[in-house]
Every structure is written in structure tokens, then in C-alpha cells.
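> fold the following.
(2 chains)
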Protein chains: 2
Amino acid sequence: MIINFSERAHNHNFELDPIVRSLLDTDFYKLLMLQFLWKHFRTTRVTFGLRNRTAKFRLAGMVRREEVEAQFEHVRRLRFRRSEIIWLAGNTFYSTRGIFEPAFLEWLEKDFRLSEFQLAEKDGQFELRFEGLWIEVTMWEIYALSIINELKTRAALKDMTEFELDILYARAKTRLWEKIERLRGVPGLAVADFGTRRRHSFLWQEFAVEAMHAELGPAFSGTSNTFLAYKHDMEAIGTNAHEIPMAMAALTDTDEELKAAQYRMLELWQQTYGGSLQVMLPDTYGTTQFLQGAPDWVAGWTGQRVDSKDPFVAGDEYITWLRGRGVDPKKKLVIASDGLDAQEILSLHAYFMGEIAPGVSARDFRDAASFHDERMWRPERRIRFSAGWGTLLTNDFRDCHPRGEDGLEPISLVCKLIWAEGRPAVKLSDNYLKASGPKHAVERYRRVFGLAGMANTPIVV
Amino acid sequence: MIINFSERAHNHNFELDPIVRSLLDTDFYKLLMLQFLWKHFRTTRVTFGLRNRTAKFRLAGMVRREEVEAQFEHVRRLRFRRSEIIWLAGNTFYSTRGIFEPAFLEWLEKDFRLSEFQLAEKDGQFELRFEGLWIEVTMWEIYALSIINELKTRAALKDMTEFELDILYARAKTRLWEKIERLRGVPGLAVADFGTRRRHSFLWQEFAVEAMHAELGPAFSGTSNTFLAYKHDMEAIGTNAHEIPMAMAALTDTDEELKAAQYRMLELWQQTYGGSLQVMLPDTYGTTQFLQGAPDWVAGWTGQRVDSKDPFVAGDEYITWLRGRGVDPKKKLVIASDGLDAQEILSLHAYFMGEIAPGVSARDFRDAASFHDERMWRPERRIRFSAGWGTLLTNDFRDCHPRGEDGLEPISLVCKLIWAEGRPAVKLSDNYLKASGPKHAVERYRRVFGLAGMANTPIVV
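Reported below is the predicted structural model:
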């Protein structure tokens, strides 16, 4: 056994093990949105804030502040590499070449920078703020989330022996493989990795994505992670997120403008990207009101992503709405992306891609491994369905810890737009309890958009 | 990432990846027996033969003959290393220092050699014969078995991708860890690794043994593998095997001498090793007749290893016999070593180390996870019990193959004494169907020893 002295000396002395290895290590929609912002909101100033919704993990007690700062400073020093820019220019995304304009790519290569960050500690949690031009702030979201998550992972691994680490990963791999095997061979299935922001680590996400790629063949539709798509010749997946309708809503003055902003955003997106990338996210202020008030041309969009509503309900609602607008739902697309795991992916796939038997309900599909039960359905598409598999693909280490500790449980960390040009950013979502923004602003938005179709709304006697 | 050029070039060009890395990579009892043979049977000539009892695996179709030859030639070129001899001289085995005599160790270092081997192919199987002085043939047993088994493993791994290999080992590690966790924390448990001869590979045995060592603490009593004991400061476990009573029986002339040979062997062993290492293997010609006809001094031995009888039954029989000879069984030892897995280890431990409740039978212990059920037993030793965990510790890859193939299933490969000084070697064992030797010789032995207490004996009307 000949020792690799240089590797060993490096391992003992290196200063930083970077979590973000490339500026492409972000969700693809951030790049699409970045170009959109660069075109239409180049001078808009915003604030993003990071928050840990899992209070039981006091992150500032687990991860040293200096480590966070060092990782963040490392990302700020990164630049897009020549080969990465060339790939963005030359690659086909959603079957379209040249989705990124040469002028944007030139800016990305030469002038793109990340804003500064403010890091504080309060009640055992980190308080993070990113302030500045929207085009310099927006990209922080994914870098910040994956850095904090991976530093938390590293902290949990720190006191484990080499042997315990080996067992931990053996268990997690066995678990992951079982899930993927459940999805193997299901006709017409479409599953994508959406797990960048809550991943266990970069390398684990890469492993999970390569596992899906190797095992699922065409049923693996791609990854939201641009760097992995680039590195492994996979499809990059994603279109847009809540931050755009939220900011565009915040920038309006009257209630009428506010209500219209959700459609203006679609119009501007359509104008920017033409016929491709037309997957909307209608839940920012409630999906039901969004669909009811939408202009007819919205029914021409390819599909919608369901993020905060029960996807069985949301898909049915979308199908009904499309039919009401005289559009055949069979060619449209529903993407679910909220807390999915293998079982729900199979159930949703069967529910939307099959014709269910009389008397079988959505609940039957939710609870049973019904895809393989031909009494419950036969493959005949009602609408196209695609799963965006996130945390439970890239960070399911439940019960894998060799000593039964909980430090590897995923946490609900979010990094969101909170101000746009000094005005509060508000999200209502399809879940009453998930509304975000200052109280008075949320109240105003609820008055304007109503509560139609929302879950968990308080009962007013 | 800096490439280790020397390692990579080596990996691409090396001629042989040796399976047997050291002559110590053998069961410890082979070394004890070797010293015994060197003292008492230095000029005795024997033949050992290797046979695959799992006919469905046509080994010669899976493994190239040249690979077998190359590995065998490699072992023949190995010598005991200076540091290994010093360890054998200086280490304490079974709490006894100096178990190996200086003259024997000098011979081992300077003059020990392995006999030649004859390798042929017949009906898709390898035919292997080792002929020569017993002291030059006996050590082939474990080397040959572990080489053939690991070459079979390598053949099964050959067409797997790096990714599939990773999943395979993740599954096997998860399985192994679950087993070991079941054994963790059980009071008074004693488990040793007996899995050298049927291991998946050397490195996998090493992993399994280190896992037990790390997890079970004092409940892990050691390994039969001398090299692993040496490398990791573990106890080396084992005393003797069937080959000695078989040869000593073959070398007798009259029926009376034949019947007495099984006790003469114990006498000679006792004379050689004094008070230590007194664990007998009474099943060579049937345990029941062995105990019935044994001189009283045999009850003074430390214990017995149960190899071919139901260990619940064999243990009870031994307890009753000891009481009949006026000996307290509580201080005696039963070692089970035949096809154990975690569940049976726990059941046997509870059965012998506890006091079972009225109305609870051996079968209840066999079938239930009864160790944790205090209604069934309370810890009060009837006899000391120790488990020799073999194939299902070091080679349980059932259902781990990512494509569901069976090439990694363990096979029943044996390498046994078949001739001693031109006379046939016979074993009857406690299982009628497991008798080995030429038909006429087996018939004579059955006449001499009887069939008392044997399983699967044919019913004669």
C-alpha cells in the first residue's frame, strides 16, 4: 500500500471544504429568473431573509458562525467559469436552444456578483439578511440554504467514528435504493430531482441523482440542479418561483393593480421566454382565485406546479378549470413538488395518468400502493403528471443514525423575499397557516384575494 | 483532485490480487492441530479433497482454472513472517502463554511448506486433491476454501457497474448491522466469528469482524481467523476438528481399536496441551455413543462444540450426561457452530444461559425472539453457551444483488481428509445423511459405533 502523501497532507491541512463548488450549483429556475430580472428589474432593490422553521434545532449552537461566514465568502469569490457559460449558451433547455441571451451571459460571466450578507445570532438561531439589487440578492437563496444545511450535516457527523459513518451511509443508500426500485418500470412515470435546497450534502444529492439516472431511465426527467445537469448531461428542470409575483405585487399601489400583478407576471414571462417554460405557479395568493380570475390565454400555458395545495385536489381543480375554458387537459401538465416520497409519487401518477375505477377516491390512491392494482385504475391519462422529488430524495436519513440521534433530520429552512423597494413582500399560498409577511399586509392581501379554496382557514361563526 | 498515478498504474497492471495475504489467514485450530500433528504424526501421509456440495453452481464455468492455480501458487510461495512467528510465540491464547513450542515455531518459520495440489475439472466442477505429509496437506483446507469462495465472489461481481457494487455493499452492510444490533446489549452473550472458510471475501470478513468488535464489546469473544486476531488484537478462537479423530480411526486395525480411537485422540490432545484448549468435538462418529462410552475423565473437559446435531438437543444431552457423571454443568461450555444466524444465537443463549419458564419448550425459543420476553425465561445459567457464527456472518448477501441474480449465494464447499496412509477416512456425524467416506467403510463404522441419537436415520421395518 503506497501512501498518497500529497492527498494525505492536503486532507490534514486544507482550510476550507467548499460546499458550493460552482455558481451553477443552484436551481435552474434561479438562472431563468435571473435573466428575467436582469431584463425587467435590473435596478430593483430587495431584501431576502433566511429563517429556520424547525425551532428545535438551534442552529447557532450546532454550527460555528465562522464556518458559515467562510463558506459564504467562498461563494462570493466564485465566478462562472468559461466552460459553464459556454454550456449555458450552447445547451438545449426544454428543447429550446439559446434560451439565455448572449448579452445576459456576458453580464453573468463578467459582472455578476452576489450582494453582501448580514449574519447575526438570536435565540440560538442564525439571522441572515441579504440586501441589495434583486439581481445580486436572488441567487443567495439556494447557496445559503445548501450551505447551512450541509454545515448542519457536517456538525452531526463530527462525533461519529469512521465505522459509524460507513453504517450511516450504507443504511441511507439502502433506503434510497428501495425507493428508487419502487419507481422502476412504472409506465409513463416522470420524476425529477428538486432536492438541492434541503439536501444532506452536495455529494449525497449527486449520488441520489446518479442513482435515479442509472435506474429509472426515461422516467427520470432531470434535475433542478444546474451544476449536476451540466456535469452529468441531464435535463435541467424548473421555471419560476414565488419571488417574482411577490415582488411585482409589492410594487403595485392600488388593490386593482395588486390583483392584476399575478397575471402581469405571466404576461411578462411569456413575453420574455416565448412559448417555452410556460409552467406557472398559481398558489402565491391562492390557486382558486387565481384560476377563477385568470384571462383565457392563461389556459394556453403548458401546466402548473402545485406547491402548497393537496396535489390530488389541485390537479382535479386544474382539470375542471381547463375544461371550463374549453381546453383538453390531457396535454397539460401538473407538477407536484411539496414533500413527496415514493408512495405519493406513485399514487399521484396513477391518479392523474390513469383512469380510475368507479367508486375509487383520491384517498384510496393516497393510502394504497395502488399503482400496481389494476382493479383501481387503467393507464389512460387524464392530465400529464410529473413529480418534483425534494427533501425525501436528497435528505432522508431518518433512523439511519447508528446511535439513534436526530441531528440528521432535515429542517425546514427557507430563504425568502421579505422586502421589495421598501415594501413588504407577502405570500398567502393555498394553506392559510403558511401565509408570510407583516400582519397588516397579509390582512390587506387576504381582503383583496379572498380565501377561496384555502386549507386550514379559521372558522368564523 | 490530484491523481495518485502510482496507485492507478498499479491497479491497471497488477498481476495478482492475492486472496490469502498471510499464512496466518487460517482458522486458529489449524495451527493448534498442526503443532499436534508435527509432534505425533510427523510422517503420516494423507489426502485431502475439495468438493462443492451445491451442485447448481458449476464453479469451473464461473471461475477460470488459471486464476485458481495462480492463487494457489501464491499461497505456496508465502512464508510465515518474522513478526507473525514472534506474535505466535509471545501472545496469550486461551489465557495461556507459550502454547506453541519454540521448536515448532522454528520449524514453522524455516521448514513449513504446503504440499503440491492437483487441479482437474469434471462435470463443470473443480476436482482438487492435496496429497503428501499430513503436516504439509492440512493447512490447504482453509486456504483452498477461501480462495475458491472469493474467486466465485469476484466472478459474480465482474459484470456489475461501480454503482451496482456500491448498492450491493450498502445493502449487505445494512443487513449485517441489523443483525449485530439485535445482539447488542444482551447480558452474558458470547459470539465469535467462525466465518473464514465460507466468507464472501477476506475484506468483507474483516469488515464484519470489526463491526462486531466495535459494537458488541465483551460479547464478541473473538475470531477463528488468526490473521484477523493478530492484526486487530482480538482473541483467536478454536481448538480442533474432525480430521484428527478421523485419521486416528483410519489408522486402527481392529473394531475395538477403532471404537477407542475417539478417546485416544482426546488423551493425546490433553497430553499435548495440558489443561487448556479442552473443547471436544464429539460428533465424528455420533455424539450419543461418544458420551455413553466415554471414560469419566472426559467429563473434566471444558466443553464441547456442537457441529451436526440440533444444538438445543445436543446441549440438553450434554447437561444430562454431565449430571450423570456427577459434574455441575454450570461451569461447562457448549459451542454451537452450524449454520447459525442472529435469531438462533439469541434463542440458544436464552435457552442455555437462562432458566426457562414451565411449559416453555426448546421450540418456543427457536421460533420466537424470546430473549426479550421475560415470561419465557430469567437469566440463570444452565450451562455456558457460546456461538460460533459462520457463513451468515461473513457471507450473507441474499437478496442484495441489485439485479436479483444468485451468483453471490454462499455455496457448501468442503475440503476434507479422505485418505490416511492409504486407508479411507470416515465421518458419520450426528446426521445420518451427512456421513462421508467409501460406502463399505461407512457401513463398517456404523456397525462399530451404532446409530444412537442420529437424525434422519432410515426407518427399518
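> helix, strand or coil for residue A:204?
helix (DSSP: H, G, I helix; E, B strand; the rest coil).
> my guess is it contacts residue A:394. True?
Yes - counting by C-beta atoms under 8 Å, residue A:204 does reach residue A:394; the two are 6.4 Å apart. (C-beta placed from N, C-alpha, C; glycine too.)
> which residues touch the residue of the stretch 1-150 of chain A at minimum distance from chain B?
Closest residue of the stretch 1-150 of chain A to chain B, C-beta to the nearest C-beta: residue A:4 (4.1 Å). Residue A:4 makes contact with B:2, B:4, B:7, according to C-beta atoms under 8 Å, 6 or more residues apart in numbering or on different chains.
> could you tell me which of those are located in strands?
Of the contacts of residue A:4, none are assigned to strands by DSSP state E.
> I'd like the residues you listed as JSON lines, with pLDDT appended.
Formatted as JSON lines, those follow (pLDDT from 0 to 100):
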{"residue": "B:2", "pLDDT": "75"}
{"residue": "B:4", "pLDDT": "81"}
{"residue": "B:7", "pLDDT": "82"}
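> what's the mean pLDDT across the longest helix along chain A?
If you go by DSSP state H, chain A has its longest helix at helix A:162-183. Confidence for helix A:162-183, expressed as mean pLDDT, is 94.
> what of stretch A:140-147?
The pLDDT scores in stretch A:140-147 average 98.
> would you mark the buried spots in that stretch?
A:140-147 (16 or more other C-beta atoms under 10 Å in any protein chain shown).
> can you put the residues you listed in a markdown table and add secondary structure?
Shown next, in a markdown table, are the buried residues of stretch A:140-147 (three-state DSSP):
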| residue | secondary structure |
| --- | --- |
| A:140 | helix |
| A:141 | helix |
| A:142 | helix |
| A:143 | helix |
| A:144 | helix |
| A:145 | helix |
| A:146 | helix |
| A:147 | helix |
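> using the three-state scheme, assign residue A:129.
Classification of residue A:129 by three-state DSSP places it in strand.
> dihedrals phi and psi, the closest residue to it other than its chain neighbours?
Spatial nearest neighbour of residue A:129, excluding adjacent residues (C-beta to C-beta, 6 or more residues apart in numbering or on different chains): residue A:118 at 4.4 Å. Main-chain torsions, residue A:118, degrees, to the nearest 10: phi -120, psi 120.
> residue A:118: what's it in contact with?
With C-beta under 8 Å, 6+ apart, residue A:118 has these contacts: A:127-131.
> what angle sits between the strand or helix carrying residue A:154 and helix A:162-183?
Here residue A:154, judged by DSSP states H and E, is contained in helix A:140-157. If you take axes from the mean of the first three to the mean of the last three C-alpha atoms, to 10 degrees, helix A:140-157 sits at 130 degrees to helix A:162-183.
> report all helices and strands that helix A:140-157 contacts.
strand A:45-52, helix A:59-62, helix A:65-77, strand A:125-133, strand A:413-420 (3 or more C-beta pairs under 8 Å, 6 or more residues apart in numbering or on different chains; DSSP states H and E).
> in TSV: those, plus distance to residue B:262.
Below are the helices and strands packed on helix A:140-157 laid out as TSV (distance: least, C-beta to C-beta, whole Å):
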stretch	distance to residue B:262
strand A:45-52	72
helix A:59-62	65
helix A:65-77	69
strand A:125-133	75
strand A:413-420	71
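> which of the ones you listed sits closest to residue B:437?
In terms of C-beta to C-beta, the element of the helices and strands packed on helix A:140-157 nearest to residue B:437 is helix A:59-62, at 66.9 Å.
> which other residues reach the closest one?
Counting by C-beta under 8 Å, 6+ apart, residues outside helix A:59-62 touching it are A:52, A:121, A:124-126, A:148, A:152, A:155-156, A:407, A:411.
> all helices for the stretch 251-400 of chain A, in order.
A:255-273, A:287-293, A:311-324, A:342-353, A:362-367, A:391-394 (DSSP state H, counting those that start in this stretch).
> spatially central, which residue of chain A would that be?
Geometric centre of chain A, nearest residue: residue A:194, 5.4 Å, by C-alpha atoms, centre = their mean.
> nearest spatial neighbour of that one, chain-adjacent residues omitted?
For residue A:194, ignoring the flanking residues on the chain, the nearest one in space by C-beta to C-beta, 6+ apart is residue A:388 at 3.7 Å.
> and the one you found, bridged to which residues?
Counting by DSSP bridges, residue A:388 is bridged to residue A:192.
> residues touching it, list them.
Counting by C-beta under 8 Å, 6+ apart, residue A:388 touches A:192-194, A:224, A:237, A:305, A:335-337, A:340.
> got the residues of the stretch 201-350 of chain A near chain B?
For the stretch 201-350 of chain A, the residues in contact with chain B (C-beta under 8 Å from any C-beta of the partner chain) are A:210-211, A:214.
> domain parsing for chain A?
Chain A breaks down into these domains under automatic domain parsing: A:15-160+A:412-426+A:433-449, A:163-394.
> for whichever residue of the stretch 301-450 of chain A sits closest to chain B, grab phi and psi.
Nearest residue of the stretch 301-450 of chain A to chain B, counting by C-beta to the nearest C-beta: residue A:402, 7.6 Å away. Per-residue torsions, residue A:402: phi -60, psi -20 (degrees, to the nearest 10).
> likewise for residue A:450?
Note on residue A:450: its backbone torsions stand at phi 80, psi -180 [degrees, to the nearest 10].
> can you tell me the closest non-neighbouring residue to it?
residue A:289 (5.3 Å).
> please tell me how far residue A:272 sits from chain B.
Distance, residue A:272 to chain B, using C-beta to the nearest C-beta, to the nearest Å: 39 Å.
> just give me the neighbour total for residue A:56.
Residues near residue A:56, counting by other C-beta atoms under 10 Å in any protein chain shown, number 8.
> ok so it is a helix residue?
No - counting by three-state DSSP, residue A:56 is not found in a helix; it is coil.
> for it, give me the pLDDT.
With respect to pLDDT, residue A:56 scores 90.
> may I have stretch A:275-282 as CSV, with CA atoms only?
The C-alpha trace of stretch A:275-282 is given here as CSV (Å, rounded to 0.1, in the frame of the first residue of the first chain):
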residue,chain,number,x,y,z
GLY,A,275,-43.7,29.5,-26.0
SER,A,276,-41.4,27.5,-23.8
LEU,A,277,-41.1,27.4,-20.0
GLN,A,278,-44.8,28.1,-19.5
VAL,A,279,-45.3,26.3,-16.2
MET,A,280,-47.0,28.6,-13.8
LEU,A,281,-47.1,28.6,-10.0
PRO,A,282,-50.6,29.8,-9.2
